[in-house]
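> generate coordinates for the sequence data below:
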Amino acid sequence: MRLANAVTAPAAGVAIVVALAPVVPVAATLLVGAVVATAVTFRAGTHRYGLVGALYLLGVGAAVLALARFPFAWKRTPLFALWGFGLLSLAVFCLRVALGVVGRRVLALVVDEGADSVWDALSAFGGTLVVAWSVLTAHEKAARSAGVAAGVSTTTLLDALGYGFPVLAGVLQRYRSVTVAGREFVVPLWALRHGVDATTVLFVGCLIVGFHTVGTLAATWRAVKDTTGYATEQAGDVAADAAADGGDADGSGDRTER
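Purely as a prediction, here's the structure:
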């Protein structure tokens, strides 16, 4: 059930984005969709906010590629940021699950109760740090790409005016493809000629950091309850109140000594 809810929440956010994309700016649309996905996750009680955020970004990225209703503004930097941060967040979640097999056993040797929730809190905090650092790094790289775009435009203009400067665009185009593990990946020429919008990269990055931050807070609160006996105390108070109400219903609470 929890896995189904973790899929339903991002699907609701993606549906909102698809509905608003043709008439609402990119940032506002993504923000509204993220709020809806977070609200559905909270109501469902899955607490897998990082996974929901990853599936939300990847779902929106897939919708941009598959549907023609998205304006052209979605098909450059937003699409790049959605897929990049979505895959990063999904990788962080998978890594947490893989390391959790060993991490929970180690913590069980130190923590008497709540080892699972303590691991969830620690791993969520570590994942948030990794995602936040990656977002800041990507923002820095995107800001540098603006300088590359300015250099392309300047050298092209100077060459056209007859100053004989080598055109930077021609140099960059020779390195527009990268070979990784025997497969060739082509770098979009628009990123070389026009640069990547650093503001959009940072905004999308802040959305996924927000998902992970909320997940960290929720996991930390569960760990506190499990390790301090808060949940047991609350259950005891509820049972005592129920017993008292039952006694009053039987009339025992109204008896007086004669």
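> isn't residue 214 right next to residue 35, touching?
No. Between residue 214 and residue 35 there is no contact under CB atoms under 8 Å: 11.1 Å. C-betas here are computed from N, CA, C, even on glycine.
> how near is the residue lying closest to residue 108 once chain neighbours are set aside to residue 40?
Using CB to CB, 6 or more residues apart in numbering and skipping the chain neighbours, the partner closest in space to residue 108 is residue 115 (4.1 Å). Going from residue 115 to residue 40 by CB to CB, to the nearest Å gives 29 Å.
> also residue 75?
For residue 75, the distance to residue 40 - CB to CB - is 27 Å.
> helices of this protein, residue ranges please.
2-20, 26-44, 49-66, 77-108, 115-160, 168-173, 189-194, 198-228, 230-249 (DSSP state H).
> just the ones you listed: most buried one?
Mean neighbours per residue, mean count of other CB atoms under 10 Å, is largest over those for helix 49-66, with a mean of 23.
> please state the mean pLDDT value computed over it.
Average pLDDT, helix 49-66: 92.
> so what secondary structure elements neighbour that helix?
helix 2-20, helix 26-44, helix 77-108, helix 198-228 (3 or more CB pairs under 8 Å, 6 or more residues apart in numbering; DSSP states H and E).
> looking at the ones you listed, spot the one closest to residue 58.
Nearest of the helices and strands packed on helix 49-66 to residue 58, taken as CB to CB: helix 77-108 at 3.9 Å.
> and that closest one, what does it pack onto?
helix 49-66, helix 115-160, helix 198-228.
> between these, which one is nearest to residue 9?
helix 49-66 (4.7 Å).
> using CSV, write down the CA coordinates of the closest one.
Output of helix 49-66 as CSV, limited to C-alpha atoms (Å, rounded to 0.1, in the frame of the first residue of the first chain):
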residue,chain,number,x,y,z
TYR,A,49,9.2,12.2,0.3
GLY,A,50,12.5,11.8,-1.4
LEU,A,51,11.1,9.0,-3.6
VAL,A,52,8.0,11.0,-4.3
GLY,A,53,10.1,14.0,-5.3
ALA,A,54,12.3,11.9,-7.7
LEU,A,55,9.2,10.3,-9.4
TYR,A,56,7.6,13.7,-9.6
LEU,A,57,10.5,15.3,-11.4
LEU,A,58,11.0,12.3,-13.7
GLY,A,59,7.2,12.2,-14.4
VAL,A,60,7.1,15.8,-15.4
GLY,A,61,10.3,15.3,-17.6
ALA,A,62,8.6,12.4,-19.3
ALA,A,63,5.4,14.3,-19.9
VAL,A,64,7.4,17.2,-21.5
LEU,A,65,8.9,14.7,-23.9
ALA,A,66,5.7,12.8,-24.6
